[in-house]
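# 3D model of this:
(one chain, ligands or ions: 1)
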Amino acid sequence: MSRIRSRAKRVLLSTVSSDSHTWNLVFLQLLLEERGYEVTNLGPCVPDAEIIEQVRAERPDAVVISSVNGHGHIDGRRLIRTLREDSDPAVAAVPVMIGGKLGIQGVAQHQLADELVAEGFDAVFTDSADPAEFGAVLQRMTARRPAIAGTAA
Ligand code: B12
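Below you'll find the predicted structure:
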(Lines give C-alpha, C1' and ligand atoms only; values in the text may rest on other atoms or scores of the structure.)
Protein backbone atom coordinates (compact mmCIF):
# COMPACT_ATOMS: atom_id res chain seq x y z
CA MET A 1 0.00 0.00 0.00
CA SER A 2 1.37 3.46 -0.72
CA ARG A 3 0.60 6.51 1.36
CA ILE A 4 0.60 10.05 0.03
CA ARG A 5 1.77 12.74 2.40
CA SER A 6 0.95 16.36 1.67
CA ARG A 7 3.41 18.93 2.93
CA ALA A 8 3.14 22.49 4.16
CA LYS A 9 3.65 25.03 1.40
CA ARG A 10 6.99 26.79 1.68
CA VAL A 11 7.42 30.55 1.37
CA LEU A 12 10.71 32.36 0.98
CA LEU A 13 10.33 35.77 2.64
CA SER A 14 12.75 38.62 2.05
CA THR A 15 13.16 42.30 1.65
CA VAL A 16 15.31 43.97 -1.01
CA SER A 17 18.98 44.90 -0.96
CA SER A 18 18.61 48.52 0.24
CA ASP A 19 15.99 47.93 2.92
CA SER A 20 17.00 47.56 6.57
CA HIS A 21 13.47 47.52 8.06
CA THR A 22 12.69 44.25 9.85
CA TRP A 23 9.32 44.46 11.67
CA ASN A 24 7.49 44.21 8.35
CA LEU A 25 9.24 40.85 7.87
CA VAL A 26 8.43 39.72 11.40
CA PHE A 27 4.77 40.64 10.87
CA LEU A 28 4.59 38.74 7.57
CA GLN A 29 6.40 35.70 8.96
CA LEU A 30 3.90 35.43 11.83
CA LEU A 31 0.95 35.99 9.50
CA LEU A 32 2.13 33.28 7.11
CA GLU A 33 3.02 30.79 9.84
CA GLU A 34 -0.39 31.31 11.40
CA ARG A 35 -1.85 30.28 8.05
CA GLY A 36 0.19 27.09 7.94
CA TYR A 37 3.07 28.07 5.67
CA GLU A 38 6.64 27.08 6.37
CA VAL A 39 8.61 30.32 6.17
CA THR A 40 12.27 31.06 5.54
CA ASN A 41 12.85 34.69 6.47
CA LEU A 42 16.07 36.02 4.91
CA GLY A 43 15.96 39.23 6.96
CA PRO A 44 16.95 42.78 5.95
CA CYS A 45 19.22 44.09 3.13
CA VAL A 46 19.37 40.89 1.10
CA PRO A 47 21.34 41.12 -2.19
CA ASP A 48 19.46 39.98 -5.33
CA ALA A 49 21.98 37.18 -5.90
CA GLU A 50 21.32 35.72 -2.46
CA ILE A 51 17.54 35.71 -2.94
CA ILE A 52 17.97 33.94 -6.27
CA GLU A 53 20.41 31.40 -4.82
CA GLN A 54 17.93 30.65 -2.02
CA VAL A 55 15.15 30.11 -4.57
CA ARG A 56 17.45 27.70 -6.43
CA ALA A 57 18.39 25.83 -3.26
CA GLU A 58 15.01 25.74 -1.49
CA ARG A 59 12.53 25.58 -4.41
CA PRO A 60 9.86 27.45 -2.43
CA ASP A 61 6.22 27.41 -3.50
CA ALA A 62 6.24 31.21 -3.51
CA VAL A 63 8.49 34.17 -2.80
CA VAL A 64 7.13 37.11 -0.80
CA ILE A 65 9.08 40.36 -0.95
CA SER A 66 8.39 43.21 1.47
CA SER A 67 9.86 46.68 1.30
CA VAL A 68 8.95 49.86 3.16
CA ASN A 69 11.86 52.28 2.73
CA GLY A 70 10.50 53.78 -0.50
CA HIS A 71 13.05 52.16 -2.82
CA GLY A 72 11.06 48.94 -3.24
CA HIS A 73 9.86 49.77 -6.73
CA ILE A 74 13.46 50.29 -7.93
CA ASP A 75 15.04 47.32 -6.16
CA GLY A 76 12.00 45.15 -6.87
CA ARG A 77 12.13 45.87 -10.59
CA ARG A 78 15.82 44.93 -10.77
CA LEU A 79 15.26 41.79 -8.71
CA ILE A 80 12.31 40.48 -10.71
CA ARG A 81 14.03 41.12 -14.06
CA THR A 82 17.08 39.13 -12.93
CA LEU A 83 14.96 36.32 -11.49
CA ARG A 84 12.71 36.01 -14.57
CA GLU A 85 15.83 35.85 -16.80
CA ASP A 86 17.42 33.01 -14.80
CA SER A 87 18.55 30.09 -16.94
CA ASP A 88 16.92 27.59 -14.54
CA PRO A 89 13.23 27.42 -15.56
CA ALA A 90 12.16 26.45 -12.01
CA VAL A 91 13.76 29.61 -10.64
CA ALA A 92 12.47 31.85 -13.45
CA ALA A 93 8.88 30.62 -13.01
CA VAL A 94 8.51 30.75 -9.22
CA PRO A 95 5.47 32.81 -8.11
CA VAL A 96 6.69 36.11 -6.64
CA MET A 97 4.73 38.84 -4.93
CA ILE A 98 5.84 42.15 -3.47
CA GLY A 99 4.21 44.56 -1.08
CA GLY A 100 4.67 47.37 1.43
CA LYS A 101 5.51 51.05 1.01
CA LEU A 102 7.02 50.60 -2.40
CA GLY A 103 7.55 54.23 -3.34
CA ILE A 104 7.97 57.42 -1.41
CA GLN A 105 4.78 58.85 0.05
CA GLY A 106 2.82 60.83 -2.54
CA VAL A 107 3.85 58.74 -5.53
CA ALA A 108 0.86 56.97 -7.09
CA GLN A 109 1.13 53.51 -5.51
CA HIS A 110 -1.26 51.93 -8.00
CA GLN A 111 0.82 53.12 -10.95
CA LEU A 112 3.94 51.60 -9.37
CA ALA A 113 2.00 48.39 -8.79
CA ASP A 114 0.99 48.18 -12.47
CA GLU A 115 4.60 48.73 -13.54
CA LEU A 116 5.86 46.00 -11.20
CA VAL A 117 3.30 43.52 -12.52
CA ALA A 118 4.39 44.41 -16.07
CA GLU A 119 8.00 43.62 -15.07
CA GLY A 120 7.07 40.12 -13.88
CA PHE A 121 5.63 40.11 -10.35
CA ASP A 122 2.60 37.85 -10.04
CA ALA A 123 0.96 40.20 -7.53
CA VAL A 124 1.71 43.57 -5.95
CA PHE A 125 0.19 44.84 -2.68
CA THR A 126 0.16 48.46 -1.64
CA ASP A 127 0.64 49.50 1.99
CA SER A 128 -3.09 49.50 2.70
CA ALA A 129 -3.65 46.01 1.29
CA ASP A 130 -6.09 43.79 3.14
CA PRO A 131 -4.17 40.86 4.72
CA ALA A 132 -7.16 38.63 3.85
CA GLU A 133 -6.74 39.45 0.16
CA PHE A 134 -2.99 38.77 0.39
CA GLY A 135 -3.77 35.40 2.00
CA ALA A 136 -6.29 34.48 -0.69
CA VAL A 137 -3.93 35.40 -3.54
CA LEU A 138 -1.05 33.46 -1.99
CA GLN A 139 -3.27 30.42 -1.48
CA ARG A 140 -4.34 30.50 -5.14
CA MET A 141 -0.74 30.83 -6.31
CA THR A 142 0.66 28.05 -4.18
CA ALA A 143 -2.30 25.74 -4.90
CA ARG A 144 -1.10 25.52 -8.50
CA ARG A 145 2.21 24.02 -7.31
CA PRO A 146 2.56 20.27 -6.71
CA ALA A 147 1.23 19.41 -3.24
CA ILE A 148 2.80 16.00 -2.85
CA ALA A 149 6.07 15.60 -0.98
CA GLY A 150 6.55 11.96 -1.81
CA THR A 151 5.16 8.51 -1.37
CA ALA A 152 6.04 5.98 1.26
CA ALA A 153 5.60 2.27 1.05
C1 B12 B 1 11.21 51.67 12.70
C2 B12 B 1 11.51 52.45 11.44
C3 B12 B 1 12.85 52.51 11.03
C4 B12 B 1 13.98 51.78 11.74
C5 B12 B 1 13.94 50.31 11.32
C6 B12 B 1 14.45 49.41 12.43
C7 B12 B 1 14.22 47.98 12.12
N8 B12 B 1 15.16 47.15 12.54
O9 B12 B 1 13.24 47.59 11.49
C10 B12 B 1 15.23 52.56 11.21
C11 B12 B 1 15.55 53.69 12.15
C12 B12 B 1 16.49 51.74 10.98
C13 B12 B 1 14.68 53.14 9.91
C14 B12 B 1 15.49 53.58 8.89
C15 B12 B 1 15.01 54.22 7.76
N16 B12 B 1 13.74 54.56 7.49
CO17 B12 B 1 12.25 53.94 8.56
N18 B12 B 1 10.70 53.73 9.59
C19 B12 B 1 10.48 53.09 10.70
C20 B12 B 1 9.00 53.27 11.10
C21 B12 B 1 8.96 54.31 12.23
C22 B12 B 1 8.26 52.02 11.57
C23 B12 B 1 8.40 50.82 10.62
C24 B12 B 1 7.85 49.59 11.30
O25 B12 B 1 8.59 48.85 11.96
N26 B12 B 1 6.52 49.35 11.16
C27 B12 B 1 5.87 48.17 11.72
C28 B12 B 1 5.67 47.11 10.60
C29 B12 B 1 4.98 45.88 11.20
O30 B12 B 1 4.75 47.69 9.69
P31 B12 B 1 5.18 48.22 8.23
O32 B12 B 1 6.64 48.25 8.09
O33 B12 B 1 4.42 49.48 7.96
O34 B12 B 1 4.60 47.07 7.28
C35 B12 B 1 3.19 46.97 7.16
C36 B12 B 1 2.67 47.25 5.76
O37 B12 B 1 3.55 48.06 5.00
C38 B12 B 1 2.40 45.91 5.16
N39 B12 B 1 3.43 45.28 4.35
C40 B12 B 1 4.76 45.45 4.37
N41 B12 B 1 5.34 44.64 3.50
C42 B12 B 1 4.36 43.91 2.89
C43 B12 B 1 4.44 42.92 1.92
C44 B12 B 1 3.25 42.30 1.50
C45 B12 B 1 3.30 41.20 0.47
C46 B12 B 1 1.99 42.71 2.04
C47 B12 B 1 0.74 42.05 1.61
C48 B12 B 1 1.95 43.72 3.00
C49 B12 B 1 3.13 44.31 3.43
O50 B12 B 1 2.18 45.03 6.26
C51 B12 B 1 2.82 45.53 7.44
C52 B12 B 1 1.83 45.42 8.60
O53 B12 B 1 0.69 46.19 8.35
C54 B12 B 1 8.37 53.79 9.77
C55 B12 B 1 7.22 54.79 9.93
C56 B12 B 1 5.92 54.11 10.24
N57 B12 B 1 5.26 54.58 11.23
O58 B12 B 1 5.56 53.14 9.51
C59 B12 B 1 9.58 54.45 9.08
C60 B12 B 1 9.63 54.49 7.58
C61 B12 B 1 9.26 53.13 7.00
N62 B12 B 1 11.04 54.73 7.33
C63 B12 B 1 11.26 55.52 6.33
C64 B12 B 1 12.54 55.94 5.86
C65 B12 B 1 12.56 56.95 4.73
C66 B12 B 1 13.70 55.43 6.42
C67 B12 B 1 15.13 55.81 6.04
C68 B12 B 1 15.40 55.98 4.54
C69 B12 B 1 15.47 57.08 6.82
C70 B12 B 1 16.82 57.68 6.52
N71 B12 B 1 16.81 58.83 5.87
O72 B12 B 1 17.83 57.08 6.84
C73 B12 B 1 15.91 54.65 6.65
C74 B12 B 1 16.03 53.51 5.62
C75 B12 B 1 17.10 52.57 5.96
C76 B12 B 1 17.15 51.50 4.93
N77 B12 B 1 18.36 51.24 4.45
O78 B12 B 1 16.16 50.89 4.60
C79 B12 B 1 9.96 55.98 5.70
C80 B12 B 1 9.68 55.33 4.34
C81 B12 B 1 9.06 56.39 3.42
C82 B12 B 1 8.22 55.82 2.32
N83 B12 B 1 8.26 54.58 1.96
O84 B12 B 1 7.48 56.63 1.78
C85 B12 B 1 8.93 55.68 6.82
C86 B12 B 1 7.52 55.33 6.32
C87 B12 B 1 8.90 56.95 7.73
C88 B12 B 1 8.25 58.15 7.04
N89 B12 B 1 6.98 58.39 7.28
O90 B12 B 1 8.88 58.81 6.27
N91 B12 B 1 13.31 53.18 9.93
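# please count neighbours and contacts with C-alpha atoms only from this point.
Noted.
# so what touches the helix or strand where residue 81 lies?
Here residue 81, judged by DSSP states H and E, is contained in helix 72-84. Under the contact criterion Cα atoms under 8 Å, 6 or more residues apart in numbering, helix 72-84 has outside partners 16-19, 48, 52, 66, 91-93, 98, 101-103, 112, 116, 119-121.
# just the ones of the residues you listed in helices?
48, 52, 91-92, 112, 116, 119 (DSSP state H).
# around the ligand, pick out the residues from this structure.
Within the chain, the positions near the ligand by Cα under 6 Å from any ligand atom are 18-24, 27, 64, 66-70, 98-101, 103-105, 125, 127, 129, 131, 134.
# can you map out the strands along this structure?
3-6, 10-14, 38-41, 62-67, 96-100, 123-125, 148-152 (DSSP state E).
# give me the mean pLDDT for the shortest one.
The average pLDDT within strand 123-125 is 96.
# so what strands line up beside that strand?
Strand 123-125 has its sheet partners listed here by DSSP bridges as strand 96-100 (parallel).
# show me how far the partner strand is from its chain's centre.
Between the centre of strand 96-100 and the centre of its host chain there is 6 Å, according to Cα atoms, centre = their mean, to the nearest Å.
# for stretch 116-135, same thing?
From the chain centre to the centre of stretch 116-135 is a distance of 10 Å (Cα atoms, centre = their mean).
# could you work out the end-to-end span of that stretch for me?
Across stretch 116-135, the terminal residues are separated by 19 Å (Cα to Cα, to the nearest Å).
# give the buried residues for it.
By neighbour count, and taking 16 or more other Cα atoms under 10 Å as the criterion, the buried residues in stretch 116-135 are 116-117, 119-126.
# just give me the residue right at the centre of this protein.
The geometric centre of the chain, computed from its C-alpha atoms, lies nearest to residue 64 (Cα atoms, centre = their mean), at 1.6 Å.
# roughly how far apart are that residue and residue 70?
In terms of Cα to Cα, residue 64 sits 17 Å off from residue 70.
# picking that back up, weakest of the strands of the chain in terms of mean pLDDT?
Taking mean pLDDT as the measure, strand 148-152 is lowest among the strands of the chain, coming in at a mean of 38.
# how far out from the middle of the chain is stretch 101-116?
Using Cα atoms, centre = their mean, the distance from the centre of stretch 101-116 to the centre of the chain it belongs to is 17 Å.
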